[in-house]
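pasting a predicted model and its sequence here:
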Amino acid sequence: MFAIPAVAQTASSGFSFQDLIAGPLPMFVLIGALFYLLILRPQQQRARDHLRAVKAVKRGDNVVLSNGMIGKVVRVEEEEVGIEVAQGVTVKVIKDMIHLVRSRGDPAPANDAKSKKS
């Protein structure tokens, strides 16, 4: 009983295309543009840079794996790399699991035993 008058009232009010353009459409376009510029585009750039760094990994680079292990690349293959995590301990890792590629020239930390003078 109540639905019939409500339908009759909405049908008589009329909704035009101009109301859509003047109202919510510009707001949705603006929100979509901000979402792309603030979230999607930077994420795509980071993913592209990471892919370039992983493809350019070479023997002698220091890498950080996704689980936090740090090692030195001793062998590079098509899809895998050999990483020395300790003296004489080499593990085979899929290239996609490399989180960060450090170059050979990274300085040693200040608390490293090599940098202390005894």
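Right, received. Where do you want to start?

let's see the biggest helix by length in the chain as CSV, backbone CA atoms only.
Criterion DSSP state H: the longest helix present in the chain is helix 41-55. The C-alpha coordinates for helix 41-55 follow below in CSV (Å, rounded to 0.1, in the frame of the first residue of the first chain):
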residue,chain,number,x,y,z
ARG,A,41,50.6,4.9,-10.4
PRO,A,42,53.3,4.9,-7.6
GLN,A,43,52.7,1.2,-7.0
GLN,A,44,53.2,0.4,-10.7
GLN,A,45,56.4,2.5,-10.8
ARG,A,46,57.8,0.6,-7.7
ALA,A,47,56.9,-2.7,-9.3
ARG,A,48,58.6,-1.7,-12.6
ASP,A,49,61.8,-0.5,-10.8
HIS,A,50,61.9,-3.7,-8.7
LEU,A,51,61.6,-5.9,-11.9
ARG,A,52,64.4,-3.9,-13.5
ALA,A,53,66.7,-4.3,-10.5
VAL,A,54,66.0,-8.1,-10.3
LYS,A,55,66.6,-8.6,-14.0
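
residues in contact with that helix: which ones?
95-96, 98, 100-101 (CB atoms under 8 Å, 6 or more residues apart in numbering). Bear in mind the C-beta positions are built from the backbone N, C-alpha and C, glycine included.

hmm, try it at 6 Å
Contact partners of helix 41-55, identified using CB atoms under 6 Å, 6 or more residues apart in numbering, comprise 95, 98, 101.

next, count neighbours for the residue nearest to the first one when sequence neighbours are not counted.
Nearest in space to K95, with sequence neighbours left out and distances taken as CB to CB, 6 or more residues apart in numbering, is V54 at 5.2 Å. Applying other CB atoms under 10 Å, we find 17 other residues in the vicinity of V54.

mind pulling up the pLDDT for V54?
On pLDDT, V54 comes in at 92.

what does the one 10 residues further on give?
As predicted, V64 sits at a pLDDT of 95.

assign a three-state SS to E78, would you?
coil (DSSP: H, G, I helix; E, B strand; the rest coil).
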